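>>> Here is a sequence together with a model predicted from it:
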Amino acid sequence: MMRRIASGGFGDPLNHYAHSGAWFKGRLLIGTSRANLQFLKLGKLDVDIPCWPVNDLGLNYTSSFEESIAAAEIWSLMQGENNAFSSKRVYQSPYHPFSTEQKPFRSEISYRSMCVFKDNGNDHTLFVATTSRSRGNGPDILHSRDGINFQRLPKPNLKLEKAQDSDLPRFSSIRNLIQYEDMVVTCATGGSRGNINHSMNSSVYASVSPETGDWVSINGNGFGSPPECLCVFSLCEHRGSLYAGTAGLQGFALFKGTRTGALTFKWELVVDRGAGRGALNQGIVSMCSFGDDLYLGTGIQSGGYDRVHGIGPAAFEVLRMNAEGSVELLVGADRPGYTAGSGYSSGFSNPFNAYLWRMEVHRDYLYVGTLDTSIFSLFTSAEKLSPFAADKLGRGDLMEWLLACGGADLWRTRDGLLWEPISTNGCNNFYNYGIRTLVSNGDYLFVGTANPFGPKIWNSDTGQYEINRLSGTEIIMLNP
């Protein structure tokens, strides 16, 4: 049974993504990102959409925009009697130290990753990674000992061992923070100049004392250089080893790291070239250790269609590395050496399922959440819809179809071969086009959605932007 415990972006529909989440000190913490589609438009993303899906909110770096729109937030959800949850904002992005009265701006627009650092199995510290503004000086890491009060750590010195190339984008975003033994491990995934998922840095960094800002690359100068390797996109601990998944124009690569010293590792390549699919498996978007196996979920950036590099469109695959170290295909396109064990083709046989965005183990099941781009049919020209035989459909027809099967998917499995759909329509809200966060506290599974379709949305019938009361992230609790 699914139950909403927060909706409408915690009362502010500009909280579009539950971009990160963690169960810490007996409460659910959610880090948001703000006004996602508005920021994409301001960034002049190369997307062919006749009318932008959401209304204009003004220009960033103006006083009104920075005051009421830009600031990312952290929310705490506390369980009370009868499983009722109360939510409270515990942190909001401050203004950046470089901010001035003439050019004001908040420090960050997103809290993209969270890591609960445990000491002898007990919650010790919550680390939160940020996405910085283009006028800022790179991402930060926050920490908290109680989930209520947050402090900013010294700027993480994520640098290449070689001299920095001035043509490379500046780092702007940290997508991964994980604990590995006594260290925190991360990578710089995002860069400036619109390179949200292209830091052009394939180093993996570790620190035994993040409070000092001291980080060391534990794979030298990285796993390769662009275009074969654009960044490290995902990290995971599995059976005592550290795994790193990359993104590149020839397909992802998976590396296994074995610790050899305090801050040294030996790395070996497990699989590359997108496991025989090449560029259509551009990156490993999510990884999860489940039983004896390491599960991999793939995707192509920018919603399954990398227009900059001409890759896609294509849906994700699910693969796994078994206990013997072999990689097998579970969900995806059959090809030499790989046959989909589940019988599902890419995207669970849904061409709009662009990413396998999140994975989480809960009560002996592996749960996976997707990004489904079908909602953009509401804003697409008839010419673009014609290959799907949908060019003659009106808005009402498309809405009826989306009500049935639009929105993100949530699936689960016990063995990787038999999959059960929990929801294939955004948990009954097709504006929930992505499941961005999955958090288990052992008793319940919490689902945090991505829903950037507001506060007003384009209505092609009226030719107007109209209020969408179903916009903003939702937090959904799944009972066992």
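Noted; the coordinates are in hand. Residues are numbered from 1 along each chain as shown.

>>> so residue 252 sits right up against residue 283, yeah?
Yes. Counting by Cβ atoms under 8 Å, residue 283 is a contact partner of residue 252 at 5.2 Å. All C-beta atoms are positioned from the backbone trio N, CA, C, and that covers glycine.

>>> Residues that sit against both of these two, list them.
233, 245, 246, 298 (Cβ atoms under 8 Å, 6 or more residues apart in numbering).

>>> out of everything not next to it in sequence, what's closest to the second one?
The shortest distance from residue 245 to any non-neighbouring residue, by Cβ to Cβ, 6 or more residues apart in numbering, is to residue 284 (2.9 Å).

>>> Distance check, that neighbour against residue 252.
5 Å (Cβ to Cβ, to the nearest Å).

>>> Need the overlap of contacts for these two.
Common neighbours of residue 284 and residue 252 (Cβ under 8 Å, 6+ apart) are 233, 245, 246, 298.

>>> Most neighbours out of the residues you listed, which is it?
residue 298 (31 neighbours; other Cβ atoms under 10 Å).

>>> Residue 137 and residue 148: what is the separation?
Taken as Cβ to Cβ, the span from residue 137 to residue 148 is 27 Å.

>>> pull the helix or strand with minimum mean pLDDT from the protein.
Ranked by mean pLDDT, DSSP states H and E, the helix or strand of the chain with the weakest confidence is helix 382-385, at a mean of 72.

>>> now for it, which elements pack on it?
Here helix 382-385 touches no other helix or strand, going by 3 or more Cβ pairs under 8 Å, 6 or more residues apart in numbering; DSSP states H and E.

>>> quick one: buried residues of the helix or strand following it?
Helices and strands here follow DSSP states H and E; after helix 382-385, the next one along the chain is helix 395-405. Applying a neighbour-count criterion of 16 or more other Cβ atoms under 10 Å, the buried positions in helix 395-405 are 398, 402.

>>> what does helix 395-405 rub up against?
350, 374-375, 377-378, 390, 393, 424-425, 430, 459-461.

>>> returning to what we had before: among the shared contacts of residue 284 and residue 252, which pair sits farthest apart?
246 and 298 (11.5 Å; Cβ to Cβ).

>>> list residues touching both of those two?
252, 283, 284.

>>> Phi first, then psi, for the second one.
Which is residue 283. Note on residue 283: backbone dihedrals following degrees, to the nearest 10 are phi -150, psi 160.

>>> Now do the contacts for it.
For residue 283, the contacting residues are 197, 230, 233-234, 245-248, 252, 298-301, by Cβ under 8 Å, 6+ apart.

>>> change it to 7 Å
Contacts were defined as Cβ atoms under 7 Å, 6 or more residues apart in numbering; by that measure residue 283 touches 233, 246, 247, 252, 298, 299, 301.

>>> Could you do the last one as well?
With contacts defined as Cβ under 7 Å, 6+ apart, the neighbours of residue 284 are 233, 234, 245, 252, 254, 296, 298.

>>> can you give me the helices for the stretch 301-450 of the chain?
In the stretch 301-450 of the chain, the helices defined using DSSP state H, counting those that start in this stretch lie at 301-304, 346-349, 382-385, 395-405.

>>> I'd like the average pLDDT over stretch 245-265.
What stretch 245-265 shows for mean pLDDT is 97.

>>> Give the buried residues for it.
Those would be 245-257, 259, 263, 265, for stretch 245-265 by 16+ other Cβ under 10 Å.

>>> In the stretch 1-150 of the chain, where is pLDDT below threshold?
44-48 (pLDDT under 70).

>>> need the helices for it, in chain order.
Going by DSSP H, counting those that start in this stretch, the stretch 1-150 of the chain shows helices at 36-42, 63-68.

>>> TSV please, covering those helices and showing distance to residue 120 and mean neighbour count.
Compiled in TSV, the helices of the stretch 1-150 of the chain are given as follows (distance: least, Cβ to Cβ, whole Å; neighbours: other Cβ atoms under 10 Å):
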stretch	distance to residue 120	mean neighbour count
helix 36-42	39	19
helix 63-68	43	14
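
>>> looking at these, which is closest to residue 357?
helix 36-42 (13.9 Å).

>>> My read is that residue 304 contacts residue 372, right?
No. Using Cβ atoms under 7 Å, residue 304 is not in contact with residue 372; the gap is 9.6 Å.

>>> So which of these two has more stuff around it?
Taking other Cβ under 10 Å, residue 304 and residue 372 do not tie; residue 372 has more neighbours (32 against 25).

>>> Return the residues in contact with the more buried one.
Neighbours of residue 372 in contact, by Cβ under 7 Å, 6+ apart: 350, 352, 353, 406, 407, 408, 409, 433.

>>> now, which of those residues sits nearest residue 5?
For those, the nearest to residue 5 is residue 408 (17.5 Å; Cβ to Cβ).

>>> So what sits opposite the closest residue to the closest one other than its chain neighbours in the bridge?
Nearest residue to residue 408, sequence neighbours excluded (Cβ to Cβ, 6+ apart): residue 435, at 4.6 Å. Going by DSSP bridges, residue 435 is paired in beta bridges with residue 449.

>>> separation between residue 435 and residue 303?
Residue 435 sits 14 Å away from residue 303 when distances are taken as Cβ to Cβ.

>>> Between these two, tell me which one has more neighbours.
Here residue 435 and residue 303 are set side by side on neighbour count (other Cβ under 10 Å), and the busier one is residue 435, at 31 against 20.

>>> Touching, that one and residue 370? I think so.
Yes. Here residue 435 reaches residue 370: they are 6.4 Å apart, a contact under Cβ under 7 Å.

>>> Which neighbours do the two have in common?
Counting by Cβ under 7 Å, 6+ apart, the residues touching both residue 435 and residue 370 are 357, 408.

>>> returning to that earlier point: quick one: the contacts of residue 372 as TSV, columns for distance to residue 211 and neighbour count too.
As requested, the contacts of residue 372 are arranged in TSV below (distance: Cβ to Cβ, whole Å; neighbours: other Cβ atoms under 10 Å):
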residue	distance to residue 211	neighbour count
350	44	18
352	43	23
353	40	25
406	45	25
407	41	28
408	36	32
409	39	26
433	37	27
